Every structure is written in structure tokens, then in C-alpha cells.
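Asker: I need the structure of the sequence given here:
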Amino acid sequence: ASKGTRLAYESHIRRGHGVIVKDYQPVIRCRTIFSVKTEAQISQKESQAGQPYDLEFVTFLRQSFCLGKDFVESGQSEITCAEWINQDQGIFRINNRDTFAKRWFNFKEIEDGTWDILFSSVIREFIERSILKQVSSDDLVFQVFCIKQ
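Answerer: Numbering: from 1, shown residues only. Predicted structure coming up:
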């Protein structure tokens, strides 16, 4: 039965057979406290939730790993800015943080950017959300939990 049908049936059972529908005022009981939020409360909660993290960074990482694979397969000796250390475990190294940051900001079509800006704005957010984890004393080795191999 639909929700409306169930509510009508429950109302009928509660008010009894002899009551006229117009005279009956149903009582609504809430299992939890019910309150109406103001616009200020809603906006405050949204601001506390923070900004959504930058999913384009995952796409950029995938492309960086693919570029690295292409360089290795083509026999070029150029060191890629990011490479897998253990792909099964999702562990990778950023070989050149300045090149990595430069490519990220080019990918985002942003003129200027440094490693510090990238780390504080994107990578730290991913670490706080447990998407990335720094796995060694080397600041440039990370484990990623969201890229399917």
C-alpha cells in the first residue's frame, strides 16, 4: 500500500468509526525533535562543511602516471614528475615537485602556482579526507586510495 493509504488507514483506526472526518484533528508524533532551521543556521552549517575537494586532481594524477608509462615504454630517459612505486598498493612518488606543481596549474589553466600552494590547497585536503596518505619520511611519497588500477 502507498504511504498515503497507510496514513489514511491509521488515521481511521485512531479516530474510530463514529467520528466525522471534518471534526477530527490528527495528532502527529515525531520520533525525533523537529525544528525549522533559519537561513543563517543552514548557511553556517554549509560553511563548516567546507568546500568539496578538487576531483580534477585525481584525473591529473591518472594522466601523470600514464605519461610516465609512455616515457618508459618509448625508451625516453626523461624523468617523469610522478611515478608508481607500488601500483598494487597505490604508492607513488612525486619526482620533481616544482614540475609537478607547474603541470597541475597548467592543467587547471592557472597562470601562477607553486608546490606550496598546491600542497596547502589540494594535497593537504586529500590527506585530511584520507584519500592520500604520506607513507614515508620522504615528503613526496604518497599512498592513494581512490585511483583504480
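Asker: Quickly find the element holding residue 67.
Answerer: helix 56-73 (DSSP states H and E).
Asker: Beyond that helix, next helix or strand please.
Answerer: Next along from helix 56-73, by DSSP H and E: strand 82-86.
Asker: ok, that next one: who's next to it in the sheet?
Answerer: Here strand 82-86 is paired, per DSSP bridges, with strand 91-94 (antiparallel).
Asker: Dump whichever strand or helix holds residue 13 to PDB, restricted to CA.
Answerer: Following DSSP H and E, one finds residue 13 within helix 3-15. Only the C-alpha atoms of helix 3-15 are listed here, as PDB (Å, rounded to 0.1, in the frame of the first residue of the first chain):
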ATOM      1  CA  LYS A   3       2.200   5.900   2.200                       C
ATOM      2  CA  GLY A   4      -1.000   7.900   1.800                       C
ATOM      3  CA  THR A   5      -3.200   4.800   2.100                       C
ATOM      4  CA  ARG A   6      -1.300   3.700   5.200                       C
ATOM      5  CA  LEU A   7      -1.700   7.100   6.800                       C
ATOM      6  CA  ALA A   8      -5.400   7.300   5.900                       C
ATOM      7  CA  TYR A   9      -5.900   3.800   7.400                       C
ATOM      8  CA  GLU A  10      -4.000   4.600  10.600                       C
ATOM      9  CA  SER A  11      -6.000   7.900  11.000                       C
ATOM     10  CA  HIS A  12      -9.200   5.900  10.500                       C
ATOM     11  CA  ILE A  13      -8.200   3.400  13.200                       C
ATOM     12  CA  ARG A  14      -7.200   6.100  15.700                       C
ATOM     13  CA  ARG A  15     -10.200   8.300  15.400                       C
END
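Asker: Give me the buried positions along it.
Answerer: Of the residues in helix 3-15, none count as buried by neighbour count, 16 or more other Cβ atoms under 10 Å. Bear in mind the C-beta positions are built from the backbone N, C-alpha and C, glycine included.
Asker: Which elements pack onto that helix?
Answerer: Helix 3-15 sits against no helix or strand, with contacts defined as 3 or more Cβ pairs under 8 Å, 6 or more residues apart in numbering; DSSP states H and E.
Asker: coming back round to it: for the record, mean pLDDT for the helix holding residue 67?
Answerer: Mean per-residue pLDDT for helix 56-73: 72.
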